[in-house]
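Student: Sequence isn't available, so here's the structure alone:
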């Protein structure tokens, strides 16, 4: 009887088997779940790294386009966890050229951005320059450094950077102007009296939107939609100052830069402005 009473206080083999099986299954499910999470995170991280390389390639491709209407190229993105966004700009960009007697201002509209969002498992809560001066560690410093490209401040027309904005993003930004002094040439106003002028060529790549469709695998096509060459502005001076201002309506001079172009033995300066309108389509 004593043995019988003692046996009743134990756990039956059936209950023990059920408990051990439940614990084992729970551990297996948890292990599979965390392994799946790890695989998804690694997949999203790999996809984001490939996306960063593709965004740099896209910026280089736009800049290398021939400035002829209709010139085109494309690159391919594979995006499952993130997304590609063509973001309307909020910052305007303005160009001003002046000497002691004359000032000319061109309002070039807003700066549109090409943005790539990483998946939810991508950790990238920091700023990093992917194309441009990679020693810069702040967005404001990067955009201020590259608001104007000139001989004593060289760099790409399209900078690419990674930032954190409620997720990891990669941004292609063409919000800058290139100024190239291209030497002197003879000029005449009436065909009788000739004199030498200094020539300054200014170029701006304006990003505009085309079609947007597709999923998972995208062909991003860039095409020169239009090339607008403004009539040359003539300044009767051997030196002009070129200024660029970029900012929002509340802060129109958030980023600014100026550059003086001069040459000896010239009677005037001719300034040429070319705006290359690049259409970005996603299909």
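Tutor: Structure received. What you see is a predicted model; the values in this text were computed from it and never measured.
Student: where does this structure have its least confident helix or strand?
Tutor: helix 2-8 (a mean of 50; mean pLDDT, DSSP states H and E).
Student: Contacts only, for residue 160.
Tutor: By Cβ atoms under 8 Å, 6 or more residues apart in numbering, residue 160 lies in contact with 52, 55, 56, 59, 129, 130, 131, 132, 170, 171, 172, 173. In this view, the C-beta of every residue, glycine as well, is placed from N, C-alpha and C.
Student: try 10 Å
Tutor: 52-53, 55-60, 114, 116, 128-132, 170-173 (Cβ atoms under 10 Å, 6 or more residues apart in numbering).
Student: Give me the subset of the residues you listed lying in strands.
Tutor: Members of the contacts of residue 160 lying in strands (criterion: DSSP state E): 114, 116, 128, 129, 130, 131, 170, 171, 172, 173.
Student: burial measure for residue 216, as a count.
Tutor: Residues near residue 216, counting by other Cβ atoms under 10 Å, number 8.
Student: hmm, I was thinking of residue 219
Tutor: When neighbours are counted by other Cβ under 10 Å, residue 219 comes out with 12.
Student: so where is the stretch 1-150 of the chain shaky, pLDDT-wise?
Tutor: 1-16, 18, 20, 23, 26, 28-44, 124-125 (pLDDT under 70).
Student: out of everything not next to it in sequence, what's closest to residue 254?
Tutor: With Cβ to Cβ, 6 or more residues apart in numbering as the criterion, residue 254 has its nearest non-adjacent residue at 3.4 Å, and that residue is residue 247.
Student: Tell me if I'm right that that neighbour and residue 89 touch.
Tutor: No - counting by Cβ atoms under 10 Å, residue 89 is not a contact partner of residue 247; they are 11.2 Å apart.
Student: Give the intersection of the neighbour lists for these two.
Tutor: Going by Cβ under 10 Å, 6+ apart, residues that sit against residue 247 and also against residue 89 are residue 111.
Student: ok, what's across the strand from the closest residue to residue 151 other than its chain neighbours?
Tutor: Of all residues not flanking residue 151 in the chain, residue 181 sits nearest, at 6.9 Å (Cβ to Cβ, 6+ apart). When assigned by DSSP bridges, residue 181 has beta-bridge partners residue 200.
Student: Just the pLDDT for residue 181.
Tutor: Note for residue 181: predicted pLDDT of 95.
Student: repeat for the one 4 residues further on
Tutor: Residue 185 is assigned 93 on the pLDDT scale.
Student: hmm, who's touching stretch 181-188?
Tutor: Contacts for stretch 181-188 (Cβ under 10 Å, 6+ apart): 150-151, 193-201, 234, 238, 242, 259, 261-270, 272.
Student: so how far is that stretch from its chain's centroid?
Tutor: Chain-centre distance of stretch 181-188: 35 Å, with Cα atoms, centre = their mean, to the nearest Å.
Student: list the buried ones in it?
Tutor: 181, 184, 187 (16 or more other Cβ atoms under 10 Å).
Student: And stretch 80-87, by the same measure?
Tutor: Under 16+ other Cβ under 10 Å, the buried positions of stretch 80-87 are 81, 82, 84, 86.
Student: Equivalent analysis for stretch 232-248, please.
Tutor: Buried residues in stretch 232-248 (16+ other Cβ under 10 Å): 233, 235, 237, 238, 240, 241, 242, 243, 244, 245, 246, 247.
Student: residue contacts, the closest residue to residue 137 other than its chain neighbours?
Tutor: Of all residues not flanking residue 137 in the chain, residue 127 sits nearest, at 6.3 Å (Cβ to Cβ, 6+ apart). Going by Cβ under 10 Å, 6+ apart, residue 127 touches 136, 137, 138, 139, 140, 141, 142, 161, 162, 163, 164.
Student: how close does residue 127 sit to residue 27?
Tutor: According to Cβ to Cβ, to the nearest Å, residue 127 and residue 27 sit 41 Å apart.
Student: hmm, back to that, and the contacts of residue 160, which of them are buried?
Tutor: The neighbour-count test (16+ other Cβ under 10 Å) marks 52, 55-60, 114, 116, 129-132, 170-173 as buried among the contacts of residue 160.
Student: Closest one of the buried residues of stretch 181-188 to residue 280?
Tutor: residue 181 (30.5 Å; Cβ to Cβ).
Student: ok, that closest one to residue 100 distance?
Tutor: Distance, residue 181 to residue 100, using Cβ to Cβ: 19 Å.
Student: Please look at residue 61 and residue 75 and confirm they touch.
Tutor: Yes - using Cβ under 10 Å, residue 61 is in contact with residue 75, at 6.1 Å.
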